[in-house]
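> mind folding the following:
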Amino acid sequence: MTYSDFDLRSALSAFGLTEERDTDLFPNVEPVEPSEFLRKWLEEFSPVAVGVNTERARSEFIITPIPAEARRQSRGPMNILPGVALDVDRSRGLSGYCDYLITRSGDTIFFAVH
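Numbering: from 1, shown residues only. Predicted coordinates:
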């Protein structure tokens, strides 16, 4: 089993988790306005992604620019690592490739090695 085999219900069951919908995970984080660049990018390319209607088009034209913007505006080290392997516990199905891994590190070399 890999990450993509889990949905919320099966993850809650498999790992004995509980769901809390009314919890503010970031109570002390102020909203940040997107840059003009991001606004223009999404205005131009989101219709292309929606028109092509593939996962790759949505990923490249809509999703990727958003964490890239977060990295540009971050106040500390941060990286967005697309498509890296994250093998935590194969026996429990916690293995596979992540769409994106967000780190609080400026290093990328350690994540490139599988």
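> can you report phi and psi for L94?
The phi/psi pair for L94 (degrees, to the nearest 10) reads phi -100, psi 70.
> mind checking how far the closest residue to it other than its chain neighbours is from G96?
Among residues not flanking L94 along the chain, V88 sits closest, at 3.9 Å (C-beta to C-beta, 6 or more residues apart in numbering). Glycine gets a C-beta too; all of them are placed from N, C-alpha and C. According to C-beta to C-beta, to the nearest Å, V88 and G96 sit 10 Å apart.
> would you map the strands across this structure?
All strands of the chain, identified by DSSP state E, fall at 79-82, 100-103.
> I'd like these as CSV, with mean pLDDT appended.
Shown next, in CSV, are those (pLDDT from 0 to 100):
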stretch, mean pLDDT
strand 79-82, 87
strand 100-103, 87
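> what's the closest of these to P31?
Shortest separation from P31 across these is recorded for strand 100-103, at 18.0 Å, computed as C-beta to C-beta.
> and the closest one, what does it pack onto?
helix 65-73, strand 79-82 (3 or more C-beta pairs under 8 Å, 6 or more residues apart in numbering; DSSP states H and E).
> try 7 Å this time
Contacts defined by 3 or more C-beta pairs under 7 Å, 6 or more residues apart in numbering; DSSP states H and E place strand 100-103 against strand 79-82.
> about what we covered before: want to throw the strands of the chain into CSV with distance to P65 and mean neighbour count?
Below are those laid out as CSV (distance: least, C-beta to C-beta, whole Å; neighbours: other C-beta atoms under 10 Å):
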stretch, distance to P65, mean neighbour count
strand 79-82, 11, 16
strand 100-103, 12, 14
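> out of the ones you listed, which gets nearest to R21?
Closest among the strands of the chain, using C-beta to C-beta: strand 100-103, at 22.1 Å.
> so where is the chain shaky, pLDDT-wise?
1, 108-114 (pLDDT under 70).
> report the longest helix in it, please.
helix 36-52 (DSSP state H).
> how many residues are close by E69?
19 (other C-beta atoms under 10 Å).
> residue contacts, it?
Neighbouring residues of E69 by C-beta atoms under 7 Å, 6 or more residues apart in numbering: P34, S35, L38.
> thanks a lot, catch you later.
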